[in-house]
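[1] below: sequence and its predicted model.
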Amino acid sequence: MQRKAYVPGVAALLAALLAGCTGGSGGSGSTDDANPGDGGTATAAPQPGKYRTLPEPCGVVGHGTLDSLLPGIPQLTDDELRDKAYEGEATLTYDTDRKVGCRWKVQSADATDHLLVDFERVVSYDNSVSDDTQAQEVFAVRRDAAHLPEPAASEAASPSPTGSTAAGPSPNGSASASATGSPSASASSSATPADLQPRVLGGLGDEAFLDDGLNSAGSTARQRTVTVAFRTSNVIVTVEYVEQPVTVKTVPDSKEMQDRARKLAVQLAGRLGV
């Protein structure tokens, strides 16, 4: 009888000891597994870009601004034609959440003016790259394609005429204003100060640049294209302003066109809430 009572007691004691060891081992393993997470080794996913939608491009430019950029609109006497000119024409797009744009073309007594406003929302499909970082890379490619002069070169050229300073082709394929060598535009290009050269701009979005190109639309007419592009978060905005004078050998004024294009870019940045 005593032996029968003793054996279950030993078995119970062994079972308790085994249970304690198993529990301690399990608890220790659980703690070790939690340590990497507690140590912050996990990498957080990149945050999405600030912007999820884009503005309506043909309605984002006010009538007063269009009157300044496209002087032919106020000259229209027909109300219906003037209203149509203000409306502009939306550019072709297959995804209005990613890319939208609007074009205007108006002829005045002095010139034919074109305006393009383009918005692009950049989205990264790489889980390790944020929308903002992807937008920076896209913008850098476009800035490099503009072949902007080096800042040091611009400063060195500022005391002397800039007509001999080559800035390379602009994105639209025309020569930069500072590289123009045509006799019809030589006076204008040589008088262009260094601060009107194609350049990086400050105080506009997260980063910005301006390009200014002058080319021949024909045998004698000169066409100037001023492009202002800026990035804010994951949205890239482009303003392209083109003028072709009616009068032979007339050269569009660089400063006037740049001022108008930059003013519009600042307004668009404000519409984005920059």
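    Looks like it arrived, so ask away.
[2] how about the strands in the chain?
    Ranges of strands within the chain are 89-90, 99-107, 111-121, 199-201, 207-216, 222-232, 235-245, based on DSSP state E.
[3] hey, C-alpha coordinates of the second one in PDB?
    The C-alpha coordinates for strand 99-107 follow below in PDB (Å, rounded to 0.1, in the frame of the first residue of the first chain):
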ATOM      1  CA  LYS A  99      -1.500  63.400 -65.700                       C
ATOM      2  CA  VAL A 100      -3.600  66.300 -67.000                       C
ATOM      3  CA  GLY A 101      -2.900  69.400 -69.100                       C
ATOM      4  CA  CYS A 102      -4.400  72.200 -71.100                       C
ATOM      5  CA  ARG A 103      -3.300  74.200 -74.200                       C
ATOM      6  CA  TRP A 104      -4.200  77.600 -75.500                       C
ATOM      7  CA  LYS A 105      -3.300  79.200 -78.800                       C
ATOM      8  CA  VAL A 106      -4.300  82.700 -79.700                       C
ATOM      9  CA  GLN A 107      -3.200  85.100 -82.400                       C
END
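[4] residues contacting it, please?
    For strand 99-107, the external contacting residues (Cβ atoms under 8 Å, 6 or more residues apart in numbering) are 54-58, 60-61, 66, 69-73, 85, 88-91, 93, 112-121. Every residue, glycine included, has its C-beta placed from N, CA and C.
[5] paired strands for it, with orientation please.
    Using DSSP bridges, the strands paired with strand 99-107 are strand 89-90 (antiparallel), strand 111-121 (antiparallel).
[6] turn the strands of the chain into a markdown table, including mean neighbour count and mean pLDDT.
    Formatted as a markdown table, the strands of the chain follow (neighbours: other Cβ atoms under 10 Å; pLDDT from 0 to 100):
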| stretch | mean neighbour count | mean pLDDT |
| --- | --- | --- |
| strand 89-90 | 13 | 96 |
| strand 99-107 | 19 | 96 |
| strand 111-121 | 21 | 96 |
| strand 199-201 | 17 | 94 |
| strand 207-216 | 23 | 91 |
| strand 222-232 | 24 | 95 |
| strand 235-245 | 23 | 96 |
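[7] out of the ones you listed, nearest to Arg262?
    Across the strands of the chain, the minimum distance to Arg262, taken as Cβ to Cβ, is reached by strand 222-232, at 5.7 Å.
[8] which elements pack onto that closest one?
    helix 131-145, strand 207-216, strand 235-245, helix 254-271 (3 or more Cβ pairs under 8 Å, 6 or more residues apart in numbering; DSSP states H and E).
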